[in-house]
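Asker: Generate a structure from the sequence data that follows.
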Amino acid sequence: MENKKEMRNWLNEFNLTHPFVIAGPCSAETEEQVLKIAHALKDSDVSVFRAGIWKPRTRPGGFEGVGEIGLKWLKKAKAETGLLMGTEVATAAH
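Answerer: Numbers count the residues shown, from 1 in each chain. Now for the predicted structure:
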């Protein structure tokens, strides 16, 4: 977004009557976890469900997220709840 006006225009497309809320687990660890949390949030004021599936680390060998399989979990959560989905994109390969 080039400026605040563009950001406001983008947010206005949601026709929100409450704050724009993004919520979900820092790391998606299992399909069951993702679905359980998404279902718990579906009737709340959450605008976007977000779960981290790629976790860049400064220390090699640490948990780096579940990766691509997590996209399937987010797709299933969207189909079951109707929530918008989000995750971080750490590299162009993602």
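
Asker: CA atoms only for the worst-scoring helix or strand of the chain on mean pLDDT - export them in CSV, please.
Answerer: When each helix and strand of the chain is scored by mean pLDDT, DSSP states H and E, helix 4-12 comes last, with a mean of 74. The C-alpha trace of helix 4-12 is given here as CSV (Å, rounded to 0.1, in the frame of the first residue of the first chain):
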residue,chain,number,x,y,z
LYS,A,4,-2.8,5.6,4.4
LYS,A,5,-5.7,6.4,2.0
GLU,A,6,-5.1,3.2,0.0
MET,A,7,-5.0,1.2,3.2
ARG,A,8,-8.3,2.8,4.4
ASN,A,9,-9.9,2.0,1.0
TRP,A,10,-8.8,-1.6,1.2
LEU,A,11,-10.1,-1.9,4.8
ASN,A,12,-13.4,-0.3,3.7
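
Asker: So for that helix, what gets flagged as buried?
Answerer: Neighbour counts over helix 4-12 (16 or more other C-beta atoms under 10 Å) mark no residue as buried. The way it works is simple: take the backbone N, C-alpha and C, and place the C-beta from them, glycine included.

Asker: what's around the closest residue to L71 other than its chain neighbours, how many residues?
Answerer: Once flanking residues are discounted, L71 sits nearest to I53: 6.8 Å by C-beta to C-beta, 6 or more residues apart in numbering. For I53, the count of nearby residues is 24 (other C-beta atoms under 10 Å).

Asker: my read: I53 touches G86, true?
Answerer: No - in this structure I53 lies outside contact range of G86 using C-beta atoms under 8 Å: 10.6 Å.

Asker: Wasn't G70 part of a helix?
Answerer: Yes - according to DSSP: H, G, I helix; E, B strand; the rest coil, G70 belongs to a helix.

Asker: Now the nearest residue to it once chain neighbours are set aside: which helix or strand?
Answerer: Computed as C-beta to C-beta, 6+ apart, the closest residue to G70 that is not its neighbour in sequence is I53, at 3.1 Å. Under DSSP states H and E, no helix or strand contains I53.

Asker: First-to-last residue distance for stretch 25-36?
Answerer: In stretch 25-36, first residue to last residue: 11 Å (C-alpha to C-alpha, to the nearest Å).
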